[in-house]
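Student: pasted the sequence and its predicted model underneath.
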Amino acid sequence: MTLPSISIQGRRIASNAPPYIVAELSANHNGSLKRAITILETAKKCGADAVKLQTYTPDTLTLNCNSEDFQIKGGLWDGKTLYELYQWAHMPWDWHTPLFDRAKELDITIFSTPFDRTAVDLLEDLNAPAYKIASFEAVDLALIRYAASTKKPLILSTGMADMEEIAEAVQAAEDAGCTELALLHCVSGYPAPPEDYNLKTIPDMMTRFGKVTGLSDHTLDNATAIASVALGAAIIEKHFTLDKKGGGPDDSFSLEPPQLEALCRDAKTVWQALGKVDYGRKSCERANVLFRRSLYYIKDMKAGKILDEESVRSIRPGYGLACKHLDTLLGKRLKKSVGRGTPAAWEDIDI
């Protein structure tokens, strides 16, 4: 079976490649282009593979309406209408060009989540290397088809989607010509408790859909994301900010720079530690054979001596015959003289 993989700007993404870390800028610009650029620069310093934006306006997401259906009740954004939230959180579209230009200067990948066709068109003009479909848009099959029609790699987040809806989204992407599709297991809570994540879904998702699979993580620390690597996650996406107390709509559940740096480091360490099935002696163990037991002659003996428990023992170091051969050696005759502290060897003995 061929291992699924995709490639974004030449970076291969698969479960047998180092985890691809995406720093989600989201609304953490807090209305400042300067802050957005600083987040981009800091993500690069922390070791992220990519920074992801969100491309929408309040008018491309919802209506400016105060009726009951449009009111947010509870959670981080309690009391706002949908329009007010997205007006607060959206990034002006004329910021995309300076952010893409700065990312190019820094040699870090930048792409975005489009929320409607006009956003895809804007990002195509900027030659975006990939697209992300947000969890809440995973049921917008027309949008998925439009983004997939660009033939760029597509990363599809699956928060709130059931198995049938995920299958429909995958089919829509493939029908529109997408050949590089990744799925992100996600829980659309902000923040989301670790116990809601059910990370065992990741290997099941890999088996069911046969796609590169990763995690969009909304928990408050790195433990869930790092654990996902051990289950095969090839992509980790985390919201990233400069300051959790920055006051923006997404700051409180985002990683700060020391946490992102730790995620980039520790996720790759876990991936390296997974390795392969291997019962052989490891490179770091070779010198430690000194501390292993083996069979040694414990006194000087002439050729013809019959070996007994007073002449051969299991001791450290480990350069002699394996301890399991002691019973075989006892009662055998030496073919040559040996000295005390000599490792036992088959060629010494008349078997």
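Tutor: Arrived safely.
Student: what's near enough to touch the nearest residue to Leu61 once chain neighbours are set aside?
Tutor: Of all residues not flanking Leu61 in the chain, Tyr86 sits nearest, at 5.0 Å (CB to CB, 6 or more residues apart in numbering). In short, each C-beta sits where N, CA and C put it, glycine included. Residues near Tyr86 by CB atoms under 8 Å, 6 or more residues apart in numbering: Tyr56, Thr57, Pro58, Leu61, Thr62.
Student: before we move on, what about Ile72?
Tutor: Counting by CB under 8 Å, 6+ apart, Ile72 touches Asp78, Gly79, Lys80, Thr81, Leu82, Leu85.
Student: what helix or strand is the residue nearest to Leu61 on?
Tutor: Using DSSP states H and E, Tyr86 sits within helix 82-89.
Student: helix or strand right after that helix?
Tutor: Next along from helix 82-89, by DSSP H and E: helix 96-106.
Student: how far is stretch 296-305 from where the chain is centred?
Tutor: The gap between the average C-alpha position of stretch 296-305 and the chain average comes to 58 Å, counting by CA atoms, centre = their mean, to the nearest Å.
Student: between the contacts of Tyr86, which sits nearest Lys335?
Tutor: Nearest to Lys335 among the contacts of Tyr86: Tyr56, at 85.2 Å, using CB to CB.
Student: mind checking the SS state of the nearest residue to Gly232 once chain neighbours are set aside?
Tutor: Leaving aside its sequence neighbours, Gly232 sits nearest to Ser15 (CB to CB, 6+ apart; 4.6 Å). What DSSP: H, G, I helix; E, B strand; the rest coil gives for Ser15 is coil.
Student: OK, contacts around Ser15?
Tutor: Counting by CB under 8 Å, 6+ apart, Ser15 has contacts Leu3, Met206, Val212, Thr213, Gly232, Ala233, Ala234.
Student: now swap in Thr179 and tell me
Tutor: Applying CB under 8 Å, 6+ apart, the residues near Thr179 are Lys151.
Student: can you check Arg11 too?
Tutor: Arg11 makes contact with Tyr20, Asp49, Thr109, according to CB under 8 Å, 6+ apart.
Student: if you set the cut-off to 6 Å instead, what comes out?
Tutor: By CB atoms under 6 Å, 6 or more residues apart in numbering, Arg11 lies in contact with nothing.
Student: ok, Ala167 next?
Tutor: So Ala167 contacts nothing (CB under 6 Å, 6+ apart).
Student: tell me how far it lies from Pro191.
Tutor: Separation of Ala167 from Pro191 (CB to CB, to the nearest Å) stands at 28 Å.
Student: which one of the contacts of Tyr86 sits closest to Gln259?
Tutor: Closest to Gln259, out of all of the contacts of Tyr86 and judged by CB to CB, is Tyr56, at 26.5 Å.
Student: for the residue nearest to Leu61, report the pLDDT, please.
Tutor: If you check Tyr86, the pLDDT there is 93.
Student: Leu220 now?
Tutor: pLDDT recorded at Leu220 is 96.
Student: distance from stretch 3-14 to the middle of the chain?
Tutor: That offset, for stretch 3-14, works out to 13 Å (CA atoms, centre = their mean).
Student: alpha carbons only: can I get that stretch in CSV?
Tutor: Taking Å, rounded to 0.1, in the frame of the first residue of the first chain, the C-alpha atoms of stretch 3-14 are listed here in CSV:
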residue,chain,number,x,y,z
LEU,A,3,1.7,5.8,1.9
PRO,A,4,-0.4,8.9,1.1
SER,A,5,1.5,12.2,0.8
ILE,A,6,1.1,15.7,-0.4
SER,A,7,3.7,18.4,-1.1
ILE,A,8,3.4,22.2,-0.3
GLN,A,9,6.2,24.3,-1.8
GLY,A,10,8.5,21.3,-2.1
ARG,A,11,7.9,20.1,1.5
ARG,A,12,6.7,16.5,1.5
ILE,A,13,4.0,15.9,4.1
ALA,A,14,3.3,12.3,5.1
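Student: buried residues, that stretch. List them.
Tutor: Pro4, Ser5, Ile6, Ile8, Ile13, Ala14 (16 or more other CB atoms under 10 Å).
Student: before we move on, what about stretch 49-65?
Tutor: Applying a neighbour-count criterion of 16+ other CB under 10 Å, the buried positions in stretch 49-65 are 49-58, 60-62.
Student: stretch 163-183 now?
Tutor: Within stretch 163-183, the residues scored as buried using 16+ other CB under 10 Å are 166, 168-170, 172-174, 176, 178, 180-183.
Student: tell me which two in those residues are the farthest apart.
Tutor: The distance between the two most remote of those (CB to CB) is 19.0 Å, for Glu168 and Glu180.
Student: got a markdown table for the contacts of Ile72, with neighbour count and distance to Lys336 too?
Tutor: Formatted as a markdown table, these follow (neighbours: other CB atoms under 10 Å; distance: CB to CB, whole Å):
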| residue | neighbour count | distance to Lys336 |
| --- | --- | --- |
| Asp78 | 9 | 88 |
| Gly79 | 10 | 92 |
| Lys80 | 18 | 91 |
| Thr81 | 20 | 94 |
| Leu82 | 18 | 90 |
| Leu85 | 20 | 88 |
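Student: need those residues in a markdown table (columns: distance to Arg117).
Tutor: A markdown table is the format used below for the contacts of Ile72 (distance: CB to CB, whole Å):
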| residue | distance to Arg117 |
| --- | --- |
| Asp78 | 31 |
| Gly79 | 31 |
| Lys80 | 26 |
| Thr81 | 24 |
| Leu82 | 20 |
| Leu85 | 22 |
